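Q: Okay, predicted coordinates and the sequence, questions at the end:
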Amino acid sequence: MSKNITFRLAAYTKAAGKFDPNAPNKGNEDNFYLDDDVSDENLSHYETDVVTNLSSLGMVMAVADGMGGMNAGEVASEIAIETVKDFFGIGRVTSLIASNHESRKKYLEQVIIEADNKIKIQASQNSEQRGMGSTLIIAWIVGNELTLSWLGDSRCYRYNDINGLELLSKDHSYVQELADKGVITYEQTFIHPQNNIVTRSLGDESKKAKPDTRLFSLYKGDIILMCSDGLSGVLFDREFYLENNLLSTYNIEDIIKNNKSSLQACREALFDAAEKSDWYDNVTVILCEITDGLPLAPKKVKTQQENTDNFTEAPKASSKKSWKKPLIIILACCIICVVAAICTIRYLNNNKQAEKSSQTPTQIQTPKTTPTEKVEDKEDSQAAKQEPAKAKKPAKPKKPETPTTNQDNSNKQKETKPQNEEGNKGGLTPVPNNNNTQEQKPSGGK
């Protein structure tokens, strides 16, 4: 960069709508961490509205919103912020960790996971603190890039005069899931009766911490707002009309636009608007403006999807690794196709061999059956020759025979025998002729 990147800050937390003089921290379960220079030895240091040079290791901001009631919520958020402070302690962050988005992403997600583990351990050792939890959102600015990691419904916005207000984070909440499914609009999440249900948080015993991380490019004039839902839950992002009626007099976009000359004044205006909008929770606000050293933001053309979730990312997240995933997918597809082709060829060859082996026994058995049939035919024909003689014995009773009758019978048998032999040659069994039997009755006499 030819010029040093400069910025200024403001921050504040207040019990606000949950003020209780008898409760720990007067009822404030929110916590925040802000360090204007990660490379120096002054932890959690910043000066309000003072222009500061951005160091090579950058600056870090974090907001935690505790949950779980008295003696629990403020403990969970304090553990979360102390974990952030420990990870960004003296000498913990190296130039290698801060050098690119991927390493910063890994580091911030490690912070969130460690905070989750510490809260769970603390809750398991103290029965009065069981069920406590916290949100956590961390923004790390290095150069012209902002790496953002979060868990829960604490938010991060970006405002500039060119594109107005943009929501950079996406709530881990029940109403946000409804908006993602198209059941309700983004604007309707503000007035939904269950907009206080968080789906991911630190200390949740039912699941492991699963943070989201995004990268955004920064520009001159960008104002980064980080806040708990005590602010975003009572102030709309911008003017919102329902049935032609303006639902709220105050909105975040207009407040920043009208008070950007001083971040201190802007912070106070946000708190004042939240109070007039009947705040009901603790309120925490961090403001960071990029004052110089970067170009102005380009004009964005918002799509319908961006209007729905107000979610915009930097155009480049990791150009060096962006080509690896498609290449791996293509190689995997090629390997699958080759394996499938080999398996298909082997399957077809096995089928052909199986067909040949199944046809060979059939051809061998065919000639064997023919002689058997011939033998059976010969046996049938021999049996057929004997059947007429056996049929003649019971055909009629013995009676006196005359010479004329025997001669006639012998002549008939001679005529019948050649006919039977011709029939047996064809493999047919002769049927006894009942007409011969009837003709013998008159020749015998009564």
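A: Received it, and whenever you're ready, just let me know what you need.

Q: Need the CA coordinates for the helix or strand hosting residue 176. PDB is fine.
A: Using DSSP states H and E, residue 176 sits within helix 174-180. Taking Å, rounded to 0.1, in the frame of the first residue of the first chain, the C-alpha atoms of helix 174-180 are listed here in PDB:
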ATOM      1  CA  TYR A 174     -34.800 -19.800  14.400                       C
ATOM      2  CA  VAL A 175     -36.300 -16.800  12.500                       C
ATOM      3  CA  GLN A 176     -33.300 -16.600  10.200                       C
ATOM      4  CA  GLU A 177     -33.900 -20.200   9.300                       C
ATOM      5  CA  LEU A 178     -37.500 -19.300   8.400                       C
ATOM      6  CA  ALA A 179     -36.300 -16.500   6.200                       C
ATOM      7  CA  ASP A 180     -33.800 -18.800   4.500                       C
END
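
Q: Could you give the average pLDDT over that helix?
A: For helix 174-180, the mean per-residue pLDDT is 95.

Q: what helices or strands is it leaning on?
A: helix 304-309 (3 or more CB pairs under 8 Å, 6 or more residues apart in numbering; DSSP states H and E). Bear in mind the C-beta positions are built from the backbone N, C-alpha and C, glycine included.

Q: again, only using 7 Å
A: Contacting helix 174-180 under the criterion 3 or more CB pairs under 7 Å, 6 or more residues apart in numbering; DSSP states H and E is no other helix or strand.

Q: Buried residues in that helix, which are they?
A: By 16 or more other CB atoms under 10 Å, the buried positions in helix 174-180 come out as 174-176, 178-179.

Q: Domain boundaries for this protein, per the record?
A: The chain breaks down into these structural domains: 6-319, 321-351 (assignment by automatic domain parsing).

Q: So which residues of this structure form strands?
A: All strands of the chain, identified by DSSP state E, fall at 6-14, 30-35, 52-53, 59-67, 133-134, 136-142, 145-151, 155-160, 164-167, 212-217, 223-227, 241-242, 245-246, 283-292.

Q: Reformat those as JSON lines; add distance to residue 97 and mean pLDDT.
A: JSON lines is the format used below for those (distance: least, CB to CB, whole Å; pLDDT from 0 to 100):
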{"stretch": "strand 6-14", "distance to residue 97": "21", "mean pLDDT": "98"}
{"stretch": "strand 30-35", "distance to residue 97": "15", "mean pLDDT": "98"}
{"stretch": "strand 52-53", "distance to residue 97": "20", "mean pLDDT": "97"}
{"stretch": "strand 59-67", "distance to residue 97": "12", "mean pLDDT": "97"}
{"stretch": "strand 133-134", "distance to residue 97": "24", "mean pLDDT": "96"}
{"stretch": "strand 136-142", "distance to residue 97": "10", "mean pLDDT": "98"}
{"stretch": "strand 145-151", "distance to residue 97": "11", "mean pLDDT": "98"}
{"stretch": "strand 155-160", "distance to residue 97": "21", "mean pLDDT": "98"}
{"stretch": "strand 164-167", "distance to residue 97": "27", "mean pLDDT": "97"}
{"stretch": "strand 212-217", "distance to residue 97": "14", "mean pLDDT": "98"}
{"stretch": "strand 223-227", "distance to residue 97": "21", "mean pLDDT": "98"}
{"stretch": "strand 241-242", "distance to residue 97": "46", "mean pLDDT": "75"}
{"stretch": "strand 245-246", "distance to residue 97": "47", "mean pLDDT": "77"}
{"stretch": "strand 283-292", "distance to residue 97": "21", "mean pLDDT": "98"}
